[in-house]
Each structure stands twice: as structure tokens, then as C-alpha cells.
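Chemist: Kindly generate the corresponding structure for this input.
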Amino acid sequence: MKRIIVDENDNIRLDSYISKKNTDLSRGAIQRLLEEGNIMVNDVVKKNSYKVKSGDIIQINIPEVRDTKIEAQDIPVNIVYEDSDIIVVNKPKGLVVHPANGNPDGTLVNAIMNICKDSLSGIGGEKRPGIVHRLDKDTSGLLIIAKNDKAHISMSEQIKNRQVNKRYIALVRGIIQEDEATINMPIARSKKDRKKMAVDKDGREAITHFKVLKRYDKYTLVELKIDTGRTHQIRVHMAEIGHPVVGDEVYSNGKNEFNIKGQMLHAKSLDFKHPITEKKMHLEAEVPQYFTDVIKICDNRMGE
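Modeler: Sure, this is the predicted structure:
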């Protein structure tokens, strides 16, 4: 049982005050503890909206972290960087990140469970790898995994505060006229198809910057940087401006002359601050072979 005695009186919400005073708990973990009645003020369970007062005694009961039911599996993973706090992998196209209906195993999480052994984050209430951001099944590239709670909290805060610089490379259909531009269009769950996302004026802010690397006869190679991490953000934005990612089976018909299955989108670089040492990190992942093969075809057509 942890105790915090409130030493100020400036109209702060209970969840915000705990987050401010206790860096070992993420905002999500605090919310969960409040919902489960594991946080009391002066021996009374309070809602997160309660405004703390000087002299209040906050009691936090942190239940034991459960062992996960997710099975560790020996699945080959390309590790770009690893230390005692984080792992950064180059996820291959076709590998699902999280176990879910339809993919109960054979996922990146199953692989990381095998690599991490007993070094796991317990923020979600059970011991498992701390996936702090996501990549779609058919998007390849760099993904950060936290090995412990402290690293998980720090990386989650960096992503929330837009301090992680994520750059992608994509081949899109059509020739983009602008050399570079910013797409600022809110994204929400599609009202027509709940499995898809869509640009929606009532959606959440979504910002994508792109720069043209090369123009081909029918395609454009672009580098993209995202300020926000909405589901399918790059794919939705590029389709919305009339340049869907080649091979995207959800936001275009997926048909392409290269017989590529799934989108030609690769998370190529990451810049962030190490969650524990605070060292500046810059990591890059090689573009997959199938991607470079398609680019060679496009280059040869242009006589290069």
C-alpha cells in the first residue's frame, strides 16, 4: 500500500495529482486502479475527477501483476537494438503485433515473450512486452518494445508528447506534383465500414508530412513523418489525396503490376531519447528486399 499526503491545495484532479507525484505509475495504470477501487482518499473510494485538498491522505493499493496467458514462441525477429530496458525490432511485413481473434499466436508479442523471459512490463495488469506504438500487419519497419514499467512509462510519454520522430518510406500510386507538403485531416472510425478508418471532421487530429524522393512514370516514392499516431494514418491520408500506397488492399483495390500483397510502407527510422539513460537514439531499418526490387523495376523503366 502506497500513501501520498497532499501538500498543496490548487484544485488538481486526483488522477493528475497522483501522476504528478508518482512517476512509477502511468496515467493509464492510475485510471485502471481508480476504476477498480484500488485508490482511496481518506479511506473513501473517489472518482478520478475528485479535486484533492491539502491534508488529504491518498492510499494506493497495487495488486500483484498477473502472469500473462500469452505463450512465448521461438519466432525469428530481426533485433536492431537491445539493452536491459528496450528492444527495437525491424518487424517484417505480414507479422501481426498483438495476439487477437484470428491471430491467437505467431505474433510479435509471442516472439518478444520468448526473448524477454522474465524482463517484462506489468503496466497492463499482467506481465508482457510493453508495446508502446504499433505497426499494421503489412507495414514493415522499426518498433520499440519496453522491457520494464519505467521504460514503458517514459516511452509512452515521449510518444504522447510527440518527442519520437518516426519516418517512413512508401511507394504511392500516381505522380505527386508538390515536392513536399503537410496533410492535416482528422481521422475517425469509418461510419460506412467499422473495419476501416476515414477522414472525418469530427475525428481526432492527424498530421502527416511528406517529401517526394523520386517520381516515376506512374508512381511516386515518398518519405513521410507523422506527428500523430492514428490507426492507418498514412494509408488513409495518402488515399484521401488520391495517392494510395501501392498494394494497399483496404484503402485502394490492392491490385498492382508488381503482384505485391499488402501496402508498400516501411518504418525506416526512429529518433527518440533513451527512456532510462536519456541518451539520444537514432536507429534505421533496411528497406525489405521486395521493396528494393520494385524500386529497381521503376528505376530501370526511367533509364536509370
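
Chemist: and stretch 143-162, how far apart are its ends?
Modeler: According to CA to CA, to the nearest Å, stretch 143-162 extends 16 Å from its N-terminal end residue to its C-terminal end residue.

Chemist: What's the mean pLDDT across that stretch?
Modeler: Per-residue pLDDT values over stretch 143-162 give a mean of 87.

Chemist: Next: stretch 14-26.
Modeler: Regarding stretch 14-26, the rounded mean pLDDT is 76.

Chemist: again with stretch 85-105
Modeler: For stretch 85-105, the per-residue pLDDT values average out at 85.

Chemist: Please name the residues that touch residue 211.
Modeler: The contact partners of residue 211, by CB atoms under 8 Å, 6 or more residues apart in numbering, come to 179, 180, 222, 223, 224. (C-beta placed from N, C-alpha, C; glycine too.)

Chemist: How much space separates it from residue 192?
Modeler: 32 Å (CB to CB, to the nearest Å).

Chemist: list the contacts for residue 55?
Modeler: For residue 55, the residues meeting the contact criterion (CB under 8 Å, 6+ apart) are 5, 6.

Chemist: Apply 7 Å and report the result again.
Modeler: residue 6 (CB atoms under 7 Å, 6 or more residues apart in numbering).

Chemist: likewise residue 173?
Modeler: With contact taken as CB under 7 Å, 6+ apart, residue 173 is in contact with 219, 243, 244, 246, 252.

Chemist: Flag the least confident of the residues you listed.
Modeler: Going through the contacts of residue 173 one by one, the lowest pLDDT turns up at residue 252, 94.

Chemist: Not counting sequence-adjacent ones, nearest residue to that one?
Modeler: Nearest residue to residue 252 in three dimensions, chain neighbours excluded: residue 244, at 3.7 Å (CB to CB, 6 or more residues apart in numbering).

Chemist: Could you count how many residues lie near the one you found?
Modeler: Residue neighbour count, defined by other CB atoms under 10 Å, stands at 23 for residue 244.

Chemist: how close does it sit to residue 194?
Modeler: The value you get for residue 244 to residue 194, if CB to CB is used, is 20 Å.

Chemist: swap in residue 234?
Modeler: Separation of residue 234 from residue 194 (CB to CB) stands at 20 Å.

Chemist: what does residue 282 give?
Modeler: Taken as CB to CB, the span from residue 282 to residue 194 is 38 Å.

Chemist: hmm, back to that, residue 115: which of the contacts of residue 173 is nearest?
Modeler: Closest approach between those and residue 115, by CB to CB: residue 246, at 32.2 Å.

Chemist: That closest one is in contact with residue 255, isn't it?
Modeler: No - with contact taken as CB atoms under 7 Å, residue 246 and residue 255 are classed as non-touching, separated by 9.8 Å.
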